[in-house]
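Colleague: Compute the structure for the input listed below.
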Amino acid sequence: MGLYEASDDALFKARCIHVKQERAELVKHHLDVLWHDHCKPEHLEEYPDLHDNFWKATKQASKVKPLDLAAARELLSMIDTIDEMGKATGGLEKTRVNGRPS
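Modeller: Numbering: from 1, shown residues only. Predicted coordinates:
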């Protein structure tokens, strides 16, 4: 968003908007996959607000679609909170499955 604001090139600005919107959709997708694949009942016991944090973060990703730097910063903060929860519950090492299921 900073590059967008600093530029006078209309084509570059259009590209910035496209990339930002594309990334916001990717954030929503990746949060959804993480939420469904990683979160387990024992994680909810440790973090009762886990579902609420994921839900609010995916909603926040939609608020980033307009050029709103404050909304983008809030989304990054929410992602950091989810990342801290994931690391505290064992991260990928605890949830990764080796090989294919039989």
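Colleague: what packs against the strand or helix carrying D37?
Modeller: Using DSSP states H and E, D37 sits in helix 10-38. Where contact means 3 or more CB pairs under 8 Å, 6 or more residues apart in numbering; DSSP states H and E, helix 10-38 is packed against helix 2-6, helix 50-63, helix 69-88. For glycine as for every other residue, the C-beta is placed from the backbone atoms N, C-alpha and C.
Colleague: now, of these, which is deepest in the fold?
Modeller: Per residue and on average, the most neighbours among those fall to helix 50-63, with a mean of 17 (mean count of other CB atoms under 10 Å).
Colleague: to the chain's geometric centre, what's the distance from the strand or helix carrying E45?
Modeller: Taking DSSP H and E as the criterion, the element that holds E45 is helix 41-46. From the chain centre to the centre of helix 41-46 is a distance of 20 Å (CA atoms, centre = their mean, to the nearest Å).
Colleague: same for it, what does it pack against?
Modeller: Judged by 3+ CB pairs under 8 Å, 6+ apart, helix 41-46 is in contact with helix 50-63.
Colleague: one more time with 10 Å, if that's ok
Modeller: Here helix 41-46 touches helix 50-63, helix 69-88, going by 3 or more CB pairs under 10 Å, 6 or more residues apart in numbering; DSSP states H and E.
Colleague: Next, format those helices as a markdown table and append mean pLDDT and distance to A6.
Modeller: As requested, the helices and strands packed on helix 41-46 are exported to a markdown table (pLDDT from 0 to 100; distance: least, CB to CB, whole Å):
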| stretch | mean pLDDT | distance to A6 |
| --- | --- | --- |
| helix 50-63 | 92 | 23 |
| helix 69-88 | 91 | 12 |
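Colleague: Can you convert the ones you listed into CSV and add a column each for distance to Y4?
Modeller: Shown next, in CSV, are the helices and strands packed on helix 41-46 (distance: least, CB to CB, whole Å):
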stretch, distance to Y4
helix 50-63, 17
helix 69-88, 10
